[in-house]
Structures are given as C-alpha cells and as structure tokens.
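S.K.: Fold the following, please.
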Amino acid sequence: MRAAPAVRVTVQPPAAARAAVALLGGLALASAVAWGAGHAGIGAAWGLAGLLPGAAAGWAWGPKRRCELAWDGQQWHCDGTPGQVAVQLDFHAGLLLRFVPQSGGRVRWLLPHRAAAGAHWHALRVALFAGRPEAAADAAGQPPLTP
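M.R.: You can find the predicted model right below:
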C-alpha cells in the first residue's frame, strides 16, 4: 500500500462554527442560571439573564485560530509542529479533526471545510483516510478489516 501524497491546507474555522459555539455557550449559561433561579424560588425566567454573557463567552473562546495543516507523506504537521491527526466527525463537506502534538502539548481541534480547502479538499481527505503504509498491517502482518 502506498502512502497518500503530500498535501498542505490552511484550516480556518467557518464563522458558522464560531456562531454555533456562541449559541451553545449562551444556552448553557442560561440553563444554569434558570436552574439556580428556579431552586432559589425567584423564577426560572431569570435564566434569560445568562444568555448574552454566555454567548459572548462562547464567541470569545470559540474556534478562531487558523492552522497550516500539512501531510508530508509520513507525518502530520500543524503550524510546523509534528503530531497525530484523527478524524472525529465527517460531514462530507466538512470535518472535525483532533490534532495531538507529538511533543505532548495541547490538543487542537480543527474544522477544515470544502469551501476553504478548494482544490486540495480531495487530497486532504485521501491523506486523512489512507494513513501511513506501515500502519496498515497489524502485528501478524495482515491488513486491517477497516481503514
């Protein structure tokens, strides 16, 4: 089995992903405030007071960093740092990737999507799902049943 060809893609999270994290942050804080207010006996409607601060926190802490994701045929790199990449979710037009640096640093979550990758989208998917050729055989030398 041959290794996938080298590919380099700039991963910039879409604005919709950042908005979704902001919405989830707002809903999470609003529900926590509503729960607390309900138990305090002052009315769960106070939960709406947590909606805006939670959304602002989600927007501020949401995905916004770009990354140069590269496969050189042997190793994955994110902004020059070598590591492992695992596909967590595949939406066909977008992916959720987990990048674990080889040096044991902080895990990064990446959201590449077809519109941003352009002509490199297919090559990126091939590299992600093909893997390294030596990883294709298990200890007995047999190819795996699933990639």
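S.K.: make it CA atoms for all contacts and neighbour counts henceforth
M.R.: Noted.
S.K.: Buried residues, the longest helix anywhere in the chain. List them.
M.R.: Selection of the longest helix in the chain by residue count, based on DSSP state H, yields helix 15-40. Neighbour-count burial for helix 15-40, counted by 16 or more other Cα atoms under 10 Å, picks out 18-19, 21-37.
S.K.: same question, stretch 50-60
M.R.: Those would be Gly50, Leu51, Leu52, Pro53, Gly54, Ala55, Ala56, Ala57, Gly58, Trp59, for stretch 50-60 by 16+ other Cα under 10 Å.
S.K.: isn't the last one right up against Ala17?
M.R.: No - using Cα atoms under 8 Å, Trp59 makes no contact with Ala17, being 9.7 Å away.
S.K.: Report all helices and strands that the helix or strand just after the longest helix of the chain contacts.
M.R.: Where DSSP states H and E defines the elements, the next helix or strand beyond helix 15-40 is helix 51-61. With contacts taken as 3 or more Cα pairs under 8 Å, 6 or more residues apart in numbering; DSSP states H and E, helix 51-61 sits against helix 15-40.
S.K.: Look up how far Ala34 lies from the residue in the chain sticking out farthest from the centre.
M.R.: Distance from the C-alpha centroid of the chain peaks at Gly41, with 40.0 Å (Cα atoms, centre = their mean). According to Cα to Cα, to the nearest Å, Gly41 and Ala34 sit 10 Å apart.
S.K.: which residues are in contact with both of Trp59 and Ala17?
M.R.: The contact sets of Trp59 and Ala17 do not overlap (Cα atoms under 8 Å, 6 or more residues apart in numbering).
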